[in-house]
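> Sequence and predicted model, in that order:
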Amino acid sequence: MYVRVHDGLKAPPEQRQPDIVRIILVDPTGRLKSFNKLREAFRSQLEGKFNNLDANWLRQAHLRFQVQYRSDEPSNQEKAAFGKLDFPVYLLELQHTSDTINALMTQHKVPRTINGQNLYDIAQQCWEDRDTLGCGIPSGEGLRKVGFIKSHRIFDVATGDISRAFVNETAHEIGHMGNLQQHSKTGLMRYPVPLNVDIDFNNEDKRLFLSDLQRLRRLQEQTTGSKPQSRIREFRWVFK
């Protein structure tokens, strides 16, 4: 059977557009700006990794990850305005100190404590520990979170595919930003993070991370009514 144009077929129902989960790679010194191939491999592989955490679940939940790179530092107003589904990650260098970390956390409105633990002290210890390659600061029951990568250390210790090393370390810290509070025996939340292999989050860490995405989407800046129940009971010194 042929359908003529004037038969008046109804247009298909408009599909809901997914909510975008933004991973913002902030490179304030612009070191990766001149490494076009490395930068794009890092960006695209990281985006693919998170969009494949559970592709069917993300599709049904109307969520999609988008990784953006910027070689300039956001203004203080921009930092304070990052939303609940934004994951800002700073690609920092040797010249950046724990004072830099402290200032950035303040500008991003990260609270001083979560469950009685001082996030600023934890971040300082993390950054000053030469063995760590990054730090991920979680949001707890709120929405303010931020991550830091020691780009100079990645270049120093990576063997083989440097973009893979950046992807794995950054994904690990985003896991902490997504309230994965402890390291795991398997998968990307292992410590130290495997840098030279294609590795994914284990199933339990995927479940917890995606559950926190749901919490973040429900969360409102001005809380009304009952307070959302957090799965996070206690944070320990593992945000690295």
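Sure thing, it's come through.

> center of this protein - which residue?
Closest to where the C-alpha atoms of the chain average out (Cα atoms, centre = their mean) is Ile174, at 3.3 Å.

> residue contacts, that residue?
23, 50, 87, 89, 136, 147 (Cβ atoms under 8 Å, 6 or more residues apart in numbering). The C-beta positions use only the backbone N, C-alpha and C, and glycine is treated the same way.

> As TSV, those residues with distance to Phe42 and secondary structure would be great.
Listed next are the contacts of Ile174 as TSV, based on distance: Cβ to Cβ, whole Å; DSSP: H, G, I helix; E, B strand; the rest coil:
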residue	distance to Phe42	secondary structure
Ile23	11	strand
Phe50	13	helix
Phe87	15	strand
Val89	11	strand
Gly136	17	strand
Gly147	14	strand
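
> before we move on, back to that, give me the pLDDT value at the residue nearest to the centre of the chain.
For Ile174, the model assigns a pLDDT of 98.

> ok, now Gln68?
98.

> ok so, going back, what separates the residue nearest to the centre of the chain from Gly116, distance-wise?
Distance of Ile174 to Gly116, computed by Cβ to Cβ, to the nearest Å: 25 Å.

> do Gly134 as well
From Gly134 to Gly116 the distance is 24 Å (Cβ to Cβ).

> Between these two, which has more neighbouring residues?
Gly134 (27 against 7; other Cβ atoms under 10 Å).

> what's the closest residue to Tyr191 other than its chain neighbours sitting at in phi/psi?
Distance criterion Cβ to Cβ, 6 or more residues apart in numbering; nearest residue to Tyr191, sequence neighbours excluded, is His183 at 4.2 Å. As for His183, its main-chain torsions (degrees, to the nearest 10) stand at phi -80, psi 160.

> can you tell me the helix or strand for the residue nearest to the centre of the chain?
Ile174 is part of helix 162-177 when elements are defined by DSSP states H and E.

> Kindly export that helix (C-alpha atoms) in PDB.
Extracted C-alpha coordinates of helix 162-177, given in PDB (Å, rounded to 0.1, in the frame of the first residue of the first chain):
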ATOM      1  CA  ILE A 162      49.600   8.900  27.000                       C
ATOM      2  CA  SER A 163      45.900   9.600  26.200                       C
ATOM      3  CA  ARG A 164      44.900   6.300  27.800                       C
ATOM      4  CA  ALA A 165      46.800   7.300  31.000                       C
ATOM      5  CA  PHE A 166      44.900  10.600  31.000                       C
ATOM      6  CA  VAL A 167      41.600   8.900  30.400                       C
ATOM      7  CA  ASN A 168      42.100   6.300  33.200                       C
ATOM      8  CA  GLU A 169      43.300   8.800  35.800                       C
ATOM      9  CA  THR A 170      40.600  11.300  35.000                       C
ATOM     10  CA  ALA A 171      37.900   8.700  35.000                       C
ATOM     11  CA  HIS A 172      39.100   7.500  38.400                       C
ATOM     12  CA  GLU A 173      38.900  11.000  39.900                       C
ATOM     13  CA  ILE A 174      35.400  11.600  38.400                       C
ATOM     14  CA  GLY A 175      34.400   8.400  40.100                       C
ATOM     15  CA  HIS A 176      35.400  10.000  43.500                       C
ATOM     16  CA  MET A 177      33.500  13.200  42.400                       C
END
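
> could you give the angle of the helix or strand just after it to helix 162-177?
As assigned by DSSP H and E, the chain's next helix or strand after helix 162-177 is helix 203-218. Put simply, helix 203-218 runs at 60 degrees to helix 162-177, going by axes from the mean of the first three to the mean of the last three Cα atoms, to 10 degrees.
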